[in-house]
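>>> sharing a sequence plus its predicted fold:
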Amino acid sequence: MTVLTNWENFYVIVGSSAGALTGLMFVVITLIADESRRRQRYAGGDLAAYGTPNVVHFCAVLLLCALLSAPWESLALVGVLLGVSGLVGVAYAAIILRRIIQRSQLQGSYTPVLEDWLWFGAFPLTAYIALAVAAVLFATDPTPAMFVIGGAMVLLLLIGIHNAWDTVTFLAVSRNASSNTSDPGEKREGSEQ
């Protein structure tokens, strides 16, 4: 059981970060919903493909930290729960990839670039596969498995941070672009005649 207790500070740092960032995502979604045009656009598939996964990744990290911080009697159950978490994550990452593909095929919808495919698709899938593999290794030798699990947790945290930033900057640029395309004959405040 010392293999888990040696990682307590790591769980506290990573888990606290995931919890705080989850709360910030709620603030971001509230700001998005404040604008009626964006509420209609992002309430459907775009939010499900690009916003919701961030919260899921943060919550997955929080869950893993809680799971690994609990006072377990046996490591066998921990390994099983880690494996289930990894497999559920793999399935969810596949669903997100499908959503991104479906959204990209809609006319007028956002077309993802390579960076989107990596950060919203490939990297989360990699993190959850690593978690599932680490769960198998956990049964035989938990010490190296803990490093793989820790790496997967940090990767999920970084994915969520990157994707949240990407989403917020996309919305800010979209807002500025839409406000700049207002009536060209209209005089803007502070402009010369």
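Received, thanks. Numbers count the residues shown, from 1 in each chain.

>>> just the pLDDT for residue 13.
We have a pLDDT of 86 for residue 13.

>>> tell me who's in contact with the most centrally placed residue in the chain.
Nearest residue to the geometric centre of the chain (C-alpha atoms, centre = their mean): residue 54, 2.5 Å. Going by C-beta atoms under 8 Å, 6 or more residues apart in numbering, residue 54 touches 25, 159, 160, 163, 164, 167. Any C-beta I mention is one placed from the backbone N, CA and C, and that applies to glycine too.

>>> in TSV, list those residues along with neighbour count and pLDDT.
Below are those laid out as TSV (neighbours: other C-beta atoms under 10 Å; pLDDT from 0 to 100):
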residue	neighbour count	pLDDT
25	22	76
159	22	93
160	26	89
163	21	87
164	21	83
167	21	77
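
>>> per-residue confidence at the residue nearest to the centre of the chain?
For residue 54, the predicted pLDDT is 86.

>>> how about residue 60?
Predicted confidence (pLDDT) for residue 60: 92.

>>> residues contacting it?
Contacts here follow C-beta under 8 Å, 6+ apart; on that basis residue 60 touches 85, 89, 156.

>>> tell me the secondary structure for the first one?
The three-state label for residue 85, taken from DSSP: H, G, I helix; E, B strand; the rest coil, comes out as helix.

>>> what do you get for residue 72?
Reduced to three states by three-state DSSP, residue 72 is coil.
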